[in-house]
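Q: Sequence plus predicted model, see below.
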Protein chains: 2
Amino acid sequence: MALHEFDLIRRFFTGIGGAGPDIALGVGDDCALLDPPPGCQLAISTDTLVEGVHFPVACDPEALAGRALRVNLSDLAAMGAEPLGFQLALTLPSADEVWLAAFSRGLARDAGLFGCPLMGGDTTRGPLAITVTVIGTLPAGAALRRGGAGAGDLLYVTGTLGDARGALDVPGEAHLAARYWRPEPRLAAGRLLRQFASAALDVSDGLAQDAGHIAAASGLGCRIEADRLPLSAALVDACGRALASRHALTGGDDYELCFSVPPGKAEAMEAALAAAGEPVTRIGAMVPGAGVLCVDGQGEPITLERSGYAHF
Amino acid sequence: MALHEFDLIRRFFTGIGGAGPDIALGVGDDCALLDPPPGCQLAISTDTLVEGVHFPVACDPEALAGRALRVNLSDLAAMGAEPLGFQLALTLPSADEVWLAAFSRGLARDAGLFGCPLMGGDTTRGPLAITVTVIGTLPAGAALRRGGAGAGDLLYVTGTLGDARGALDVPGEAHLAARYWRPEPRLAAGRLLRQFASAALDVSDGLAQDAGHIAAASGLGCRIEADRLPLSAALVDACGRALASRHALTGGDDYELCFSVPPGKAEAMEAALAAAGEPVTRIGAMVPGAGVLCVDGQGEPITLERSGYAHF
């Protein structure tokens, strides 16, 4: 028997992530209603995941739901924003109740974990795709943007790079698979970095490409020391150091933050992030000029076949 | 040559709908930033249109873009909200520059017309689909909701019904085609109705089904007098009166407002809407009980094969 959209929403998409202090009206009307906290700016971001393009065909719906929310939360983290709620546009070939139950369970778990309730959305029939729009809050004027880095600012990343790309090479490796399916949105780090960073973004398309966005938006170049890139032991074991380093530079799907810090604030930043248990690594610096230069341990330029993910 | 996502965004999706007084940062960073007007609630709604499901294969991209925005603005109208801005998630089989130029042109025209700038979004590769998330503002506590109608409240609709459904029967009829491709979001009517209506929604899935949502959310039934349904001359000419009436009840894609008004406010509402040039028609009333009863000119029940659009 066909499941009607309204029954589907009631059964699988009510109460996801709880009520939310700033949500006056959630799922079920023409619009959701928000009460923005006074004095706050809102940050809003949208990401689409398409089956066969951004995730494998016939993957686990519970993991997929979590990933769809997490990659969006990473954009909030990159601005220093805190989650308020999200909209879900889910396109499905059919209303498969087993699939929906698992998807809903994964979504509820991560929406609860990150305090980001489902406000509303749309369910439609078509090729499987998930579009999430997240909304976050931050103090007015405090957002971390891509432009704003100065020449001489030090360049950092959170966590480790290349793991998600490594999961494609070695699908059975549990740590790498977890890094692909459950990227950690660096919300706490982003919030702290509002005090220190001159520019920031999240690494989704590959470090070399994404660092280039900070450089371009800041009217500078940047220099990345490949030997400094933080690599997990699991990635080095699975791929060897040379390929691990290449994945860290161009692999994509990392959802770590890349950010610049003026030298005078670097020590305080490192102390604050360490105290919060948020690992960061200095990987290079902003330099006069344009573009991204990657160098090896001898200071020799590394030639990259591609700088990151091409969307088309 | 492949068009890179970043070039694509710069060329086709910058400046759509202008700057927007409440938008602190638009397209090009990890998030857009909004400054919510003090004392306002925000209304947010998401709709997806999938090729071959919600619009015909190989249709005019300029018209498609306008329609995608307009059906979302209709949800703001239904709450009485005014447009602030929107997010666009566009999934495309390829980065076809001719298609993108036309799509962008259609989007810019309607975003400008309705004062609803593009804030951000995502472009991805995959089967053609468009997800728009609109954000609107309204005075706190003033939103028109689906629940809240009282027994005896009069039921109204804006404009005429059934035209978009009629366009499927008679594709060459210009008025009906325009009603399908360029539905008019009833923003001015919605704003005025904040003073008068006890409940409201927009008719997207067919009047009989959507009026049922007002009834259910209000814990009532509703009675629709089919002879009162506002039909365009073009629809009656194209389909005959009997089929036109059936399309008005169950056709869907109308994007008119359906709303209830307490009898004591009906005269003032009709005067206010008439003064604003917003046509409304009384089509029935809210009644004790449950469900939607449609009656003919003799008061005899009309049996509907289906009440409206089924999403799965």
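A: Done, it's in.

Q: host element of the closest residue to chain B within the stretch 151-300 of chain A?
A: At 5.4 Å from chain B, A:Leu201 is the closest residue in the stretch 151-300 of chain A, using CB to the nearest CB. C-beta: built from backbone N, CA, C; applies to glycine. Using DSSP states H and E, A:Leu201 sits in strand A:199-203.

Q: Report the rounded mean pLDDT for the helix or strand immediately after that strand in the chain.
A: Once the chain leaves strand A:199-203, the next helix or strand it forms, by DSSP H and E, is helix A:207-218. Averaging pLDDT along helix A:207-218 gives 94.

Q: now stretch A:106-125
A: Stretch A:106-125 comes out at a mean pLDDT of 95.

Q: For that stretch, which residues meet the burial criterion?
A: Neighbour-count burial for stretch A:106-125 flags A:106-111, A:114, A:116-125 (criterion: 16 or more other CB atoms under 10 Å in any protein chain shown).

Q: From those, list the ones also adjacent to chain B.
A: Among the buried residues of stretch A:106-125, the residues that sit close to chain B (CB under 8 Å from any CB of the partner chain) are A:119-125.

Q: Does A:Val50 touch A:Thr131 like I think?
A: No. Taking contacts as CB atoms under 8 Å, A:Val50 lies outside contact range of A:Thr131: 9.3 Å.

Q: Which residue ranges of chain A form helices?
A: All helices of chain A, identified by DSSP state H, fall at A:5-12, A:61-79, A:97-113, A:163-169, A:174-181, A:187-193, A:207-218, A:233-239, A:241-250, A:263-275.

Q: what sits against whatever residue of the stretch 101-250 of chain A ends up closest to chain B?
A: Proximity of the stretch 101-250 of chain A to chain B (CB to the nearest CB) peaks at A:Gly126, 3.5 Å away. Contacts for A:Gly126 (CB atoms under 8 Å, 6 or more residues apart in numbering or on different chains) come out as A:91-93, B:48, B:50-53, B:127, B:129.

Q: For it, which non-adjacent residue is spatially closest?
A: Nearest non-adjacent residue to A:Gly126, counting by CB to CB, 6 or more residues apart in numbering or on different chains: B:Val50, 3.5 Å away.

Q: Equivalent analysis for A:Leu49, please.
A: A:Ile130 (4.9 Å).

Q: okay, now the one you found: neighbour count?
A: 28 (other CB atoms under 10 Å in any protein chain shown).

Q: looking at chain A, which helix or strand is least sure?
A: Counting by mean pLDDT, DSSP states H and E, the weakest-scoring helix or strand in chain A turns out to be helix A:5-12, with a mean of 78.

Q: Would you mind getting the angle between that helix and helix B:207-218?
A: Angle, helix A:5-12 to helix B:207-218, by axes from the mean of the first three to the mean of the last three CA atoms, to 10 degrees: 30 degrees.

Q: What is helix A:5-12 packed up against?
A: When contacts are defined as 3 or more CB pairs under 8 Å, 6 or more residues apart in numbering or on different chains; DSSP states H and E, helix A:5-12 packs onto helix A:97-113, strand A:118-125.

Q: Tell me the buried residues in that helix?
A: Buried-residue list, helix A:5-12, by 16+ other CB under 10 Å: A:5-6, A:8-9, A:12.

Q: That one to strand A:118-125, inter-axis angle?
A: Going by the same axes, to 10 degrees, helix A:5-12 makes 130 degrees with strand A:118-125.

Q: just how off-centre is helix A:5-12 within its chain?
A: Counting by CA atoms, centre = their mean, to the nearest Å, helix A:5-12 is centred 29 Å from the centre of its parent chain.

Q: ok, now stretch A:85-96?
A: The mean C-alpha position of stretch A:85-96 is separated from the chain mean by 20 Å, CA atoms, centre = their mean.

Q: on that earlier part again, and the residue of the stretch 151-300 of chain A closest to chain B, bridged to which residues?
A: Counting by DSSP bridges, A:Leu201 is bridged to A:Cys258.

Q: is stretch A:133-142 up against chain B anywhere?
A: Yes. Using CB under 8 Å from any CB, stretch A:133-142 reaches chain B at A:133, A:135-136, A:140.
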